[in-house]
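Student: I need the structure of the sequence given here:
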Amino acid sequence: MDKQNSFYEGFLFTDADFEDNVGVNEETAYSCSDSDLLENLQKQVTLVGNYEMPAVEPYNGDLPEHIGRFEKLILAVTYGIAPHFFTDDRNFERIWLKFFVYARKLKHFVCVIGPDFSLYLDMPYSKKIYNSFRNKLITALWQKLGIKVIPNVSWSDGDMDMYLDGFPKNSVIAINSTGLRRDKHSIDVFRRGYKAVLERLKPVAILRYGCSFDWENKEISKYYDNSNKIR
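Tutor: Predicted structure coming up:
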């Protein structure tokens with residue numbers, strides 16, 4: 001058996017639910033490339049709003065007791081901790097470039113926090129759209145594969161419809177503020193977006209990572225240890 005066939009046998013088709021969600025069976029698998037399988041899976045994702053953003057399913061499970069950086073947990077195989085992506089994009093670009101390889105690994109965790117590709121204020125708007133799109137697409141695809149994912153809601157300046165389209169209402173969500181600049185404009189953008197998230201998505205609980213602010217809804221928030229709190 002060649003390398004590609006060994007990959008599919010060991011990766012995709014040991015679990016029946018994974019096979020069903022991908023939309024192919026073992027008989028046809030060996031003629032499929034990674035891109036074919038991903039394209040087939042993407043067809044199962046609904047696109048919504050003017051920007052045609054992937055629709056993400058709600059997460060209504062428990063918040064994890066502990067979270068840790070994806071690149072460290074993958075190496076240590078620490079399945080009792082939920083991986084997050086609140087780190088430099090280059091540390092987790094692989095989940096996009098080698099989607100199935102890392103989807104298989106992440107399925108073993110109790111839950112996963114959605115990707116957090118950057119939305120910097122000084123980034124071209126086209127790239128903000130692209131990163132917002134793939135944050136949601138990867139989340140939706142993981143959910144299609146049976147991975148339990150807490151939607152990670154992120155935004156920047158510009159149209160809040162673009163950032164929020166696709167995210168579910170009445171769900172547990174995650175919000176990250178690491179990397180937030182301390183200038184007034186950055187904090188105003190974050191505050192405006194935070195308010196829009198509460199009003200539009202009505203989250204039932206928020207997993208919070210990064211610096212916190214007095215005006216947040218702390219009653220529905222759980223704060224996780226980080227080194228970026230504003231003092």
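Student: list the buried ones in stretch 202-214?
Tutor: P203, A205, I206, L207, R208, Y209, G210, C211, S212 (16 or more other CB atoms under 10 Å). C-betas here are computed from N, CA, C, even on glycine.
Student: Give me the subset of those lying in strands.
Tutor: A205, I206, L207, R208, Y209 (DSSP state E).
Student: For the second one, which residues are in contact?
Tutor: By CB atoms under 8 Å, 6 or more residues apart in numbering, the contact set of I206 is V172, I173, A174, I175, N217, I220, S221, K222.
Student: Skip the chain neighbours and tell me the closest residue to the residue nearest the centre of the chain.
Tutor: For the chain, G114 is the residue whose C-alpha lies nearest the centre (CA atoms, centre = their mean; 1.8 Å). Of all residues not flanking G114 in the chain, N152 sits nearest, at 3.5 Å (CB to CB, 6 or more residues apart in numbering).
Student: Next up, phi/psi of that neighbour, please.
Tutor: phi -100, psi 110 (degrees, to the nearest 10).
Student: Likewise for V172?
Tutor: phi -70, psi 140.
Student: Make TSV out of the buried residues of stretch 202-214 and add pLDDT.
Tutor: Shown next, in TSV, are these (pLDDT from 0 to 100):
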residue	pLDDT
P203	98
A205	98
I206	98
L207	98
R208	97
Y209	96
G210	93
C211	90
S212	92
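Student: What's the local residue count around the nearest residue to N217 once chain neighbours are set aside?
Tutor: Distances taken as CB to CB, 6+ apart put L198 closest to N217, at 6.3 Å, once the chain neighbours are dropped. Counted with other CB atoms under 10 Å, the neighbours of L198 add up to 14.
Student: what helix or strand is L198 on?
Tutor: Taking DSSP states H and E as the definition, L198 sits inside helix 184-201.
Student: So which residues of the chain form helices?
Tutor: 3-11, 16-22, 26-29, 34-42, 70-76, 94-97, 99-106, 125-144, 160-164, 184-201 (DSSP state H).
Student: want to throw those into a markdown table with mean pLDDT and distance to G49?
Tutor: Conversion of these to a markdown table gives the following (pLDDT from 0 to 100; distance: least, CB to CB, whole Å):
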| stretch | mean pLDDT | distance to G49 |
| --- | --- | --- |
| helix 3-11 | 32 | 33 |
| helix 16-22 | 50 | 24 |
| helix 26-29 | 40 | 34 |
| helix 34-42 | 73 | 17 |
| helix 70-76 | 84 | 28 |
| helix 94-97 | 92 | 22 |
| helix 99-106 | 91 | 23 |
| helix 125-144 | 96 | 10 |
| helix 160-164 | 98 | 6 |
| helix 184-201 | 96 | 12 |
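Student: I'd like to know which of those lies nearest to E52.
Tutor: helix 125-144 (8.3 Å; CB to CB).
Student: Buried ones in that closest one, by neighbour count?
Tutor: Result for helix 125-144 [16+ other CB under 10 Å]: buried residues 128-129, 131-144.
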